[in-house]
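Asks: here are the coordinates; sequence isn't available:
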């Protein structure tokens, strides 16, 4: 049997965004902080939604906006203040917060922080 149609067992296949298949990944390690900036890396994008990891420097923010679909923010590192409608929350690393469709939301980085944004279009 020829090897030309088989992948090298020492190599891990990767999906879009560079995530290895069947291997644990620390999401916070996928993006680095940059002074005065917001850095993002999309790890999955489809018609159903997206998974994007962000790194925000202290003081960076996303202005208040709304979206026609639900979004979930999972805090990976640091401190952030989220405003969702009339509510303000300061989730901790490991927490996940729902930002419902059509409700204005925004965020402000209290310290450098990283998050996973999960947007569901369905």
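Replies: Nice, I can see it. Predicted model, so just to flag it, every value in this text is computed and none were measured. Numbering: from 1, shown residues only.
Asks: wait, what's in contact with the residue nearest to residue 110 when sequence neighbours are not counted?
Replies: Excluding its sequence neighbours, the residue lying closest to residue 110 (C-beta to C-beta, 6 or more residues apart in numbering) is residue 79, at 3.9 Å. All C-beta atoms are positioned from the backbone trio N, CA, C, and that covers glycine. Residues counted as contacts of residue 79 (C-beta atoms under 8 Å, 6 or more residues apart in numbering) are 90, 109-111, 113.
Asks: so where do the strands sit in this protein?
Replies: Under the criterion DSSP state E, strands of the chain are mapped to 38-46, 49-56, 61-65, 71-77, 80-84, 87-89, 96-99, 105-109, 113-120.
Asks: what would the ones you listed look like in JSON lines with distance to residue 21, mean pLDDT and mean neighbour count?
Replies: Output for these, formatted as JSON lines (distance: least, C-beta to C-beta, whole Å; pLDDT from 0 to 100; neighbours: other C-beta atoms under 10 Å):
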{"stretch": "strand 38-46", "distance to residue 21": "12", "mean pLDDT": "95", "mean neighbour count": "14"}
{"stretch": "strand 49-56", "distance to residue 21": "15", "mean pLDDT": "97", "mean neighbour count": "20"}
{"stretch": "strand 61-65", "distance to residue 21": "31", "mean pLDDT": "96", "mean neighbour count": "12"}
{"stretch": "strand 71-77", "distance to residue 21": "21", "mean pLDDT": "98", "mean neighbour count": "19"}
{"stretch": "strand 80-84", "distance to residue 21": "31", "mean pLDDT": "98", "mean neighbour count": "20"}
{"stretch": "strand 87-89", "distance to residue 21": "34", "mean pLDDT": "98", "mean neighbour count": "11"}
{"stretch": "strand 96-99", "distance to residue 21": "24", "mean pLDDT": "98", "mean neighbour count": "16"}
{"stretch": "strand 105-109", "distance to residue 21": "31", "mean pLDDT": "98", "mean neighbour count": "20"}
{"stretch": "strand 113-120", "distance to residue 21": "19", "mean pLDDT": "97", "mean neighbour count": "20"}
